Structures are given as structure tokens and as C-alpha cells.
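Asker: I'd like to go over a predicted model; first the sequence, then the structure.
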Amino acid sequence: MKQSKQLYSQNKIAEILGISRGTFSKWLKENSVSPKQQKGQRKLYDETVIEQYKQSKKTSGSKDSKRLTTVELLQDNLKEKQQEIDYLKEQLEEKDAQIKVKDETISEFGLKFAKLADQAQQLNLVDKPQLIKSKQETASNEKTVEKTPKNSKKEKRFWQFWK
């Protein structure tokens, strides 16, 4: 007695494999698998189709290894970018240190300049004692002018000049 293999519909095979019917239909078309029997609109496949599908997915596992290679490439790219970021951070710290040194140099220069300006002014005043005396005299004259009352002189208004 010959044992016949059982036939399954697309829906049943998809259910057994744990995939959608659409996925299974696409696989059938891609692999040019034809049904064993056809009852009206219903296509029936034997059990070997299930094994063929499983085998094709095992061989496509090599495609998954390519995906892992892609993931590894992305990880390598990420490491390179992180190294580049670290390098740029180091450069930024070096530039900040250089700027700090320049700022300190400029502030020291500013202090030296201010000190030299004060010394120059003091030397200028020592060299010209007459200037100091004249300044003191003008200051005292201004004080005496302020002490004289304003009403002592008769002031002319601007319209009186036109008469």
C-alpha cells in the first residue's frame, strides 16, 4: 500500500510556517513553485513545499550575515566618528589654552602700558613746573570770580545791543 502525501492550501502552509499568506505567495512566485493539484480556485501543495521554504530561508540566512556585516560597518563608522569627535575636542581644548595665554599676555601688556602712561605723566609734570603753577593760578582766579557777586555789574541784555 502506497502512502500518499498530504496536500495543503496556501493558507494552511502559511499558518504552519508562521508567516502571512502574502509572504508565502511572494515566495511561491519568486521560486516558481507550482501547485500539485488545483480544485477550482484552490491551489494545493504537498508537504515538500514546507521543507523547500525552510531550506530557502536557511540559505537566505547568509543574507542575514551580510546584514550583520552592514551593522558592523555602521558600528565601525560610529567608532570613527567618535574618534573624530574626541580629536576635535582635544583641538578645541588646545585652542582654548592658547587663547587663555594670549588673554593673560594682553592683560599684562595693558597693566604695563597703564604703568608707563602714569610714569610718563609724572615725568611730564616734573619737567614743567610752570604748568603746575599756571594751573594753580587759574584755579585760584576761578575761585575769586565765583566769589564776586553777579549784581555788581550791570548786565546788558541781547536786545539792548540792537538799539
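Answerer: On my side now, so go ahead. Numbering: from 1, shown residues only.
Asker: avg pLDDT for the strand or helix carrying residue 86?
Answerer: Assigned by DSSP states H and E, residue 86 falls within helix 61-127. The predicted model assigns helix 61-127 a mean pLDDT of 84.
Asker: swap in stretch 137-149?
Answerer: pLDDT averaged over stretch 137-149 equals 65, rounded to a whole number.
Asker: scan this structure for its longest strand.
Answerer: Taking residue count as the measure and DSSP state E as the definition, the longest strand of the chain comes out as strand 42-46.
Asker: which parts of whatever helix or strand comes next after it are buried?
Answerer: Elements were assigned by DSSP H and E; along the chain past strand 42-46, the next helix or strand is helix 48-59. Judged by neighbour count using 16 or more other Cβ atoms under 10 Å, the buried positions of helix 48-59 are 49, 53. For every residue, glycine as well, the C-beta is placed using N, CA and C.
Asker: so what touches helix 48-59?
Answerer: 5, 8, 13, 16, 17, 24, 27, 31, 33 (Cβ atoms under 8 Å, 6 or more residues apart in numbering).
Asker: quick one: which two of those residues are the most distant?
Answerer: Among the contacts of helix 48-59, the pair separated by the greatest distance (Cβ to Cβ) is 5 and 27, at 19.7 Å.
Asker: look at these two and report which has more neighbours.
Answerer: For residue 5 and residue 27, the more surrounded residue by other Cβ atoms under 10 Å is residue 27, and the numbers stand at 19 against 9.
Asker: look up the closest residue to the more buried one, ignoring the ones flanking it.
Answerer: Sequence neighbours aside, residue 53 is the residue nearest to residue 27 in space, at 6.2 Å (criterion: Cβ to Cβ, 6 or more residues apart in numbering).
Asker: quick check: pLDDT value at the one you found.
Answerer: Among the per-residue scores, residue 53 shows a pLDDT of 85.
Asker: pLDDT at the residue nearest to residue 36 when sequence neighbours are not counted, what is it?
Answerer: Once flanking residues are discounted, residue 36 sits nearest to residue 46: 5.0 Å by Cβ to Cβ, 6+ apart. We have a pLDDT of 84 for residue 46.
Asker: could you measure residue 46 against residue 5, distance?
Answerer: In this structure, residue 46 and residue 5 are 5 Å apart, going by Cβ to Cβ, to the nearest Å.
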